[in-house]
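[1] I would like to see how this sequence folds:
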Amino acid sequence: MNASKITNFLAMSLIMGLGLIQGAFAQDKGLDIKIDLSPEPVWYEQTWLLVAAGAAVFILILVAILKNNGKKIG
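    Numbers count the residues shown, from 1 in each chain. Next up is the predicted model:
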């Protein structure tokens, strides 16, 4: 091998090595974990809201049943 081929081989090896190192560093994305332990629940986790919605549905069903009042349907 002459000096030109050795130089080309070393240059290509350097470029390939730097590319591999860059690829390895690109895989390392700093890990940032944020945990929010808020004491206040979201609106759909409120107990009073679930009770109020259940009561409203119960009242609607009760009204629908009592409105028929023994009449035959159909």
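[2] switch to C-alpha atoms for all contacts and neighbour counts from now on
    OK.
[3] where do the helices sit along the chain?
    For the chain, the helices defined by DSSP state H occupy 3-27, 47-68.
[4] for Glu40, find the nearest of those helices.
    When those are compared by CA to CA, helix 47-68 sits nearest Glu40, at 12.0 Å.
[5] and the helices of the chain as CSV, adding mean neighbour count, mean pLDDT and distance to Ser38?
    Output for these, formatted as CSV (neighbours: other CA atoms under 10 Å; pLDDT from 0 to 100; distance: least, CA to CA, whole Å):
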stretch, mean neighbour count, mean pLDDT, distance to Ser38
helix 3-27, 11, 88, 33
helix 47-68, 11, 90, 17
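[6] between the ones you listed, which gets nearest to Asp36?
    The nearest among the helices of the chain, by CA to CA, is helix 47-68 at 21.2 Å.
[7] what does that closest one rub up against?
    Helix 47-68 has contacts (CA atoms under 8 Å, 6 or more residues apart in numbering) with 43-44.
[8] quick revisit: Leu37: which of the helices of the chain is closest?
    Across the helices of the chain, closest to Leu37 is helix 47-68 (CA to CA), at 18.8 Å.
[9] gap between that closest one and the chain center?
    Relative to its chain's centre, helix 47-68 lies at 34 Å (CA atoms, centre = their mean, to the nearest Å).
[10] send me that helix as CSV with only the CA atoms.
    Only the C-alpha atoms of helix 47-68 are listed here, as CSV (Å, rounded to 0.1, in the frame of the first residue of the first chain):
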residue,chain,number,x,y,z
THR,A,47,-67.4,12.9,44.7
TRP,A,48,-70.2,15.4,45.0
LEU,A,49,-70.4,15.7,41.2
LEU,A,50,-70.7,11.9,40.8
VAL,A,51,-73.4,11.9,43.5
ALA,A,52,-75.3,14.8,41.9
ALA,A,53,-75.2,13.1,38.4
GLY,A,54,-76.4,9.8,39.9
ALA,A,55,-79.3,11.6,41.6
ALA,A,56,-80.2,13.4,38.5
VAL,A,57,-80.3,10.2,36.5
PHE,A,58,-82.3,8.5,39.2
ILE,A,59,-84.9,11.3,39.2
LEU,A,60,-85.2,11.3,35.4
ILE,A,61,-85.8,7.5,35.5
LEU,A,62,-88.3,7.9,38.3
VAL,A,63,-90.2,10.7,36.5
ALA,A,64,-90.3,8.6,33.3
ILE,A,65,-91.7,5.6,35.1
LEU,A,66,-94.3,7.6,37.1
LYS,A,67,-95.4,9.7,34.1
ASN,A,68,-96.7,6.5,32.4
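[11] thanks again, I'm all set now.
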